[in-house]
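[1] What follows is a predicted protein model with its sequence.
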Amino acid sequence: MTRIAVFASGNGSNAENLILRLTRGEVVLLLCNNPAAYVLKRAQQAGVPAVLFSREELESPEREHSVLGLLREHRVDLIILAGFLWKIPAHLIRAYPGKIVNIHPALLPKYGGPGMYGDRVHKAVLDHRETSTGITVHIVDELYDHGRVIFQATCKVDPADTPDSLAQKVHELEHMYFPGVIDDYIKQAGL
Ligand code: GRF
């Protein structure tokens, strides 16, 4: 089984779905930067160890309790970002080449990059009168929402859609596909 760390800082519905539904990987660690995040409760209920970390612990590998140190301690093979907003530092990308995966709630390269998260993404899709939107799963590199795309799925945007209704449609796609996409990636990449 591939040992997985999930980074999440909010609600955590994708994190929970991964915990419950992956077949080739096991979520052995949940990492979170927000003490009020509901994902912490989900991890606790699922029996997955959850650790809160600071920006310094993410960015400075030499620090005590650094995120890199935690990942090594838990023998993590693959990192999944599921609703995590901070930029992943270069040393982590070097330590996990091709082994950090993000999910984005739009069809990249559109509606990605710094500041494009949550409702802002869905508002931008509506403002541009797009007729479809969707999800993108991609490898993380040093730029926001930029690395190689490994999967996309689309859904229709209807004239009556609101940011909330689009968020719901996109979440449905995420919940339907994300665990399977990760299982396939584990197989293809030989992780
Ligand atoms: C998802 O829409 C994901 O695409 C984005 O953040 C959201 C997280 O949702 N990166 P949840 O916390 O998993 O419910």
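    Happy to help now that I have it.
[2] Quick one: residues contacting the closest residue to the ligand within the chain.
    As assessed by C-beta to the nearest ligand atom, the ligand sits closest to residue 83 within the chain, at 2.8 Å. (C-beta placed from N, C-alpha, C; glycine too.) Taking C-beta atoms under 8 Å, 6 or more residues apart in numbering, we find residue 83 in contact with 8, 9, 10, 11, 12, 14, 15, 39, 103.
[3] Show me what from this protein comes close to the ligand.
    Within the chain, the residues that sit near the ligand (C-beta under 6 Å from any ligand atom) are 8, 10-15, 82-83, 103-105, 170-171, 174.
[4] just to revisit the earlier point, which pLDDT value belongs to the residue of the chain closest to the ligand?
    For residue 83, the model assigns a pLDDT of 96.
[5] The one 4 residues further on too?
    Confidence at residue 87, expressed as pLDDT, is 93.
[6] From residue 161, how far out is the residue nearest to residue 114 when sequence neighbours are not counted?
    Once flanking residues are discounted, residue 114 sits nearest to residue 144: 5.2 Å by C-beta to C-beta, 6 or more residues apart in numbering. Per C-beta to C-beta, to the nearest Å, residue 144 is found 25 Å from residue 161.
[7] what kind of secondary structure is residue 122 in?
    What DSSP: H, G, I helix; E, B strand; the rest coil gives for residue 122 is helix.
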